[in-house]
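1. how does the following fold in three dimensions:
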Amino acid sequence: MKSKAQVQVRTASITLRDWIQDFELLVKFRLSTFVVFSSLVAYGIAAGSDIRLIPFMLLMSGGFLITFAANILNEILEADYDRMMERTSNRPLAARRWNSSSALVIAGLSSLAGIVLLALLNPLTSFLGTLSLVTYAFLYTPLKRYSTISVMVGAIPGALPVMIGMIAHDGVITSQALFLFAIQFIWQFPHFWSIGFLSYDQYSAAGYKLLPEEDGAIDRRLGTQALVYTCLLIPVIWFGFSIGLISLYGAIGLTLVSSYFIWRAWNFYRQFDKPSARALMFSSFIFLPLALMVLWWGM
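-> Sure thing, here's the model as predicted:
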């Protein structure tokens, strides 16, 4: 039986800083910030010079809360598997520093508050935010253990934030919203495949089936697929230009940004090793913010 002094030492060791760090891991704060950033930029693209503070803040707050909820639910469902992977073993649920009940309460309150805040913008924004949460937590998350189709399913909630951002201003699904959705949807595949390639051994040990395999190893056709998907950006960009969704300067700028992404995918296709996969991953982190900035300037 633990003494009173031992209990006091353990309690004292859990500082506010520890709690904040665990909360950041629980909600995947950096990922959530990236998601909300894309949504806010899309709002700016739709609004132009008509950016209003209250809708902007509602979108940001609701977006963070919905994304937090989705990530918490993901970690609740995957806690046992996260323990098997070095990259995720320190998450608070996997490391048993938090319990699932507490996390579920936070997820429930976050999702409810997020849905309400987005509904104050318009019903469609709230509906798509809810759809994103449900698809990510209850379709993509369990599918990861059964089929590579999970990557395509996961690309839907991954691309919805830009559509949500535009609809937060426009109130309806526009051609521009679909154009942004298409760009971010295509981006998801080489982005995720590069991450999956780098963590393949850990994913496999935890029982995830995220990448195509052949004879117990990653199928080399993954390199071809990554290259094909990055190349798809070019016809999408110029189709958008042809129907007036993006200016000529915007189309040229976006093509230049995409060309760097394609070059990294080409190297991954040829070399098919961890250094080329890592370079592709970092280029995907560069591509999306730059592409959104170009679109803000060139749509």
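2. where do the strands of the stretch 101-250 of the chain begin and end?
-> Ranges of strands in the stretch 101-250 of the chain, per DSSP state E, counting those that start in this stretch, are 213-214, 217-218.
3. got a list of contacts for the first one?
-> Identification of contacts with strand 213-214 by C-beta atoms under 8 Å, 6 or more residues apart in numbering yields 219, 220. The way it works is simple: take the backbone N, C-alpha and C, and place the C-beta from them, glycine included.
4. mind listing the strands it pairs with, and their directions?
-> Strand 213-214 has its sheet partners listed here by DSSP bridges as strand 217-218 (antiparallel).
5. how far off centre is the partner strand?
-> In terms of C-alpha atoms, centre = their mean, to the nearest Å, the centre of strand 217-218 is found 25 Å from the chain centre.
6. residue 137 reaches residue 66, doesn't it?
-> No - look at residue 137 against residue 66 with C-beta atoms under 8 Å: they stay out of range, at 10.6 Å.
7. low pLDDT regions in the stretch 1-150 of the chain?
-> Filtered on pLDDT under 70, the stretch 1-150 of the chain yields the residue ranges 1-13.
8. center of this protein - which residue?
-> For the chain, the residue nearest the mean C-alpha position is residue 158 (4.7 Å; C-alpha atoms, centre = their mean).
9. that residue and residue 251, how far apart?
-> To residue 251, residue 158 is 24 Å away according to C-beta to C-beta, to the nearest Å.
10. residue 132 now?
-> When residue 132 is compared with residue 251 (using C-beta to C-beta), they lie 28 Å apart.
11. repeat for residue 101
-> 51 Å.
12. what's the answer for residue 129, then?
-> Relative to residue 251, and taking C-beta to C-beta, residue 129 is found at 30 Å.
13. more neighbours: which of those two?
-> residue 129 (32 against 21; other C-beta atoms under 10 Å).
14. quick one: the helices in this structure?
-> Using DSSP state H, the helices of the chain run over 4-13, 16-27, 29-47, 53-82, 100-119, 123-135, 141-143, 149-170, 175-198, 200-205, 221-242, 248-271, 274-298.
15. which of those is buried the deepest?
-> Using mean count of other C-beta atoms under 10 Å, the stretch among the helices of the chain with the largest mean neighbour count is helix 149-170, at a mean of 23.
16. for that helix, the distance to its chain's centre please.
-> Distance, centroid of helix 149-170 to centroid of chain: 9 Å (C-alpha atoms, centre = their mean).
17. do the same with stretch 123-134
-> Here the centre of stretch 123-134 is set off from its chain's centre by 15 Å, with C-alpha atoms, centre = their mean.
18. ok, stretch 127-147 next?
-> On the basis of C-alpha atoms, centre = their mean, stretch 127-147 sits 12 Å off its chain's mean C-alpha point.
19. circling back to that earlier point, the residue nearest to the centre of the chain is in contact with residue 185, isn't it?
-> Yes - the pair residue 158 / residue 185 is scored as a contact, 7.5 Å apart, by C-beta under 8 Å.
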